[in-house]
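Colleague: got a predicted model here, sequence first, then my questions.
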Amino acid sequence: MSRVKSKDTSIEIKLGKALWSAGLRYRKNYKKLFGTPDFVLVKYKIAIFCDSSFWHGYRNMTTKIHSFKSNKEFWTKKIETNIRRDKEVDIELQRLGWTVFRFWDFQIDNHIEIEKCVTKVLRTTMA
């Protein structure tokens, strides 16, 4: 756990470079906003999160059979708590008038998918 980074992860760096090259200027790890989004476009009220499939439970991974070697209960509970917290953060930010994007690691790692992510954000800035 001590090696798990909360900021400047590889997926954050990749998405940040893609957003920047598309001309989008952002704030990183914006602590003034509930949930501390990875990227924030204040002008457009857009909050962006880069989520790991495992830690944030892509397709509710906690219901799938995992081969946890130890502490299965602990890890299952941890991932379920992350999923619940992500939903609470999304609801609160939307209540405050923010548009929330959550992009998965496999989307960011894929060249074609990351372009789709950036396009979604760009479309929202033009709306």
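Modeller: Thanks, I have the structure now. Numbering: from 1, shown residues only.
Colleague: all contacts plus neighbour counts: C-alpha atoms, from now on.
Modeller: Will do.
Colleague: show me the strands in the chain, by range?
Modeller: 27-28, 39-41, 46-51, 99-104 (DSSP state E).
Colleague: what's near enough to touch Trp98?
Modeller: 45-47 (Cα atoms under 8 Å, 6 or more residues apart in numbering).
Colleague: same question for Gly16.
Modeller: Phe39.
Colleague: and the pLDDT at it?
Modeller: pLDDT, Gly16: 97.
Colleague: re earlier: for Lys7, state which of the contacts of Trp98 is nearest.
Modeller: Nearest to Lys7 among the contacts of Trp98: Ala47, at 15.0 Å, using Cα to Cα.
Colleague: what's opposite the closest one in the beta bridge?
Modeller: Under DSSP bridges, the beta-bridge partners of Ala47 are Val40, Val100.
Colleague: burial count for it?
Modeller: The number of residues packed near Ala47 is 27, by other Cα atoms under 10 Å.
Colleague: that one contacts Phe39, correct?
Modeller: Yes. The criterion here is Cα atoms under 8 Å, and Ala47 meets it with Phe39 at 6.0 Å.
Colleague: let's have the strands of the chain in a markdown table, adding mean pLDDT and distance to Gly16.
Modeller: As requested, those are arranged in a markdown table below (pLDDT from 0 to 100; distance: least, Cα to Cα, whole Å):
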| stretch | mean pLDDT | distance to Gly16 |
| --- | --- | --- |
| strand 27-28 | 96 | 9 |
| strand 39-41 | 98 | 8 |
| strand 46-51 | 96 | 10 |
| strand 99-104 | 97 | 12 |
